[in-house]
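Novice: Let's see this in three dimensions:
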Amino acid sequence: MSIEWKNSVSVRIGTGHAEMIKGPVEAFDALNNRWPAEHGALYVEAKSQCSDAVARGSADEGARNAFIDAAVEATLLA
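Specialist: Numbering: from 1, shown residues only. Have a look, this model is predicted:
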């Protein structure tokens, strides 16, 4: 089962093309495995909220907003 937000979030991680993050599972994967090495407070909050959303099987918009905030903080929002 796929958990998806109503609206995807476009980010550019590394030197690649912009990609659409469709839900908390993809967001949590990006935060854990592909995020820049330096992490701010918004990263920590996004990781926590996305992890909780995945555990609940929820497309929680709070997790989406936290992910957007972390992407802005890391200048990754595309």
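Novice: Which secondary structure element is home to the residue nearest the centre of the chain?
Specialist: What sits nearest the mean C-alpha location of the chain, by Cα atoms, centre = their mean, is A27, with 3.2 Å. A27 is located in helix 24-33, with elements delineated by DSSP states H and E.
Novice: Pull out the buried positions in that helix.
Specialist: Within helix 24-33, the residues that count as buried by 16 or more other Cβ atoms under 10 Å are P24, V25, E26, A27, F28, A30, L31. All C-beta atoms are positioned from the backbone trio N, CA, C, and that covers glycine.
Novice: for stretch 51-69, same thing?
Specialist: By 16+ other Cβ under 10 Å, the buried positions in stretch 51-69 come out as S51, D52, A53, V54, A59, D60, A63, R64, A66, F67, I68, D69.
Novice: roughly how far apart are the fifth one and P36?
Specialist: Distance, A59 to P36, by Cβ to Cβ, to the nearest Å: 26 Å.
Novice: Now the helix holding A27 - C-alpha only, CSV.
Specialist: Provided in CSV are the C-alpha atoms of helix 24-33 (Å, rounded to 0.1, in the frame of the first residue of the first chain):
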residue,chain,number,x,y,z
PRO,A,24,6.0,10.2,3.9
VAL,A,25,7.7,7.0,2.8
GLU,A,26,9.6,8.7,0.0
ALA,A,27,10.3,11.7,2.2
PHE,A,28,11.7,9.6,5.1
ASP,A,29,13.9,7.7,2.6
ALA,A,30,15.2,11.0,1.2
LEU,A,31,15.9,12.4,4.7
ASN,A,32,17.7,9.2,5.8
ASN,A,33,19.7,8.3,2.7
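Novice: what packs against that helix?
Specialist: On a contact count with 3 or more Cβ pairs under 8 Å, 6 or more residues apart in numbering; DSSP states H and E, helix 24-33 meets helix 41-56, helix 61-73.
Novice: among those, which is nearest M20?
Specialist: helix 61-73 (12.2 Å; Cβ to Cβ).
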